[in-house]
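Asker: generate a structure from the sequence data that follows.
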Amino acid sequence: MESKKIVIIPTYNEKENIEKIIREILSLIEGFHVLVVDDGSPDGTALIVKALQNEFNERVHLIERAGKQGLGTAYITGFNWSITHKYDYIFEMDADFSHNPKDLPKLYYSCVEGADLSIGSRYCKGISVINWPIGRVIMSYYASAYVRGVLGMKIYDTTAGFKCYKRVVLETIDFDKIRMKGYGFQIEMKYNTFKLGFKISEVPIIFVDRTEGTSKMSSGIFGEAFWGVLKMKMRKIHPRQIG
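Answerer: Sure thing, here's the model as predicted:
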């Protein structure tokens, strides 16, 4: 039986990008499905997704939430839905084309070949970022180095948000213990995966900053990640308790 693959895309005001990125994902021969988790976008993002559901039937799914509740909770909502619906490979991806849909197969095949989590990495082969101001590149690169040093993970891009999980990883992580909601969430999920003994691989990608829509990045996101990493180091990581 062919494995089931789903790409989770959290959205808030992504009407310029959402249809284009969904169509590109669905055009890939690997047969990906898409789950959009929309946080009440006032620009009509969800309406665009609903129109695509009529066209693509069971390949496009939508969860609508009331208001902005954070990146981390959006992904956890998507993870739980994907586990319930028995998807074998569960992807994270941004809506704004900073992650190239054509790189999805690379993440998928990395997991097929043995990884439990594959990461689309900006930094595992030097620095592969386009359209970012140099200050942001430096901050992001050294933030990853800081996380790597504190937590002891041999991962070059610790804040990456372009990933593929085998379902067993997400079934094992206790989402109730995940504390961080913004980009620190990406670090915390990787750290849980690492501490629970799963195999992690990095796949080099080229990250291109969005050309349409508005960035959701803020200095508060980095502050949460900086202090959250120190707290994370002190906690013990346990697998989810079933039943």
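
Asker: look up the closest residue to the residue nearest in space to the middle of the chain, ignoring the ones flanking it.
Answerer: Most central in the chain under C-alpha atoms, centre = their mean is Glu92, positioned 3.0 Å from the mean C-alpha point. Ranked by C-beta to C-beta, 6 or more residues apart in numbering and with sequence neighbours excluded, the top spatial neighbour of Glu92 is Lys163, at 4.7 Å. For the C-beta atoms, the positions are set from N, CA and C on the backbone; glycine is no exception.

Asker: state the distance from that neighbour to Gly70.
Answerer: 18 Å (C-beta to C-beta, to the nearest Å).

Asker: likewise for Ile21?
Answerer: Separation of Ile21 from Gly70 (C-beta to C-beta): 21 Å.

Asker: which of those two has more neighbours?
Answerer: In this view Ile21 and Gly70 are compared by other C-beta atoms under 10 Å, and Ile21 has more residues nearby, 23 against 14.

Asker: in contact with the nearest residue to the more buried one once chain neighbours are set aside, which residues?
Answerer: Among residues not flanking Ile21 along the chain, Ala95 sits closest, at 5.7 Å (C-beta to C-beta, 6+ apart). Ala95 makes contacts with 9-11, 14, 17-18, 21, 36, 213, as judged by C-beta atoms under 8 Å, 6 or more residues apart in numbering.

Asker: lowest-scoring secondary structure element of the chain by mean pLDDT?
Answerer: Least confident element among the helices and strands of the chain, by mean pLDDT, DSSP states H and E: helix 219-234 (a mean of 73).

Asker: in stretch 71-80, what's buried?
Answerer: Across stretch 71-80, burial judged by 16 or more other C-beta atoms under 10 Å covers 71-79.

Asker: need the next SSE after the lengthiest helix in the chain, C-terminal direction.
Answerer: Determined from DSSP state H, the single longest helix within the chain is helix 134-151. Next helix or strand after helix 134-151 toward the C-terminus (DSSP states H and E): strand 163-166.

Asker: partners of that next one, with directions?
Answerer: strand 89-92 (antiparallel), strand 117-121 (antiparallel) (DSSP bridges).

Asker: hmm, who's touching it?
Answerer: For strand 163-166, the external contacting residues (C-beta under 8 Å, 6+ apart) are 88-92, 104, 107-108, 110-111, 115-120, 193.
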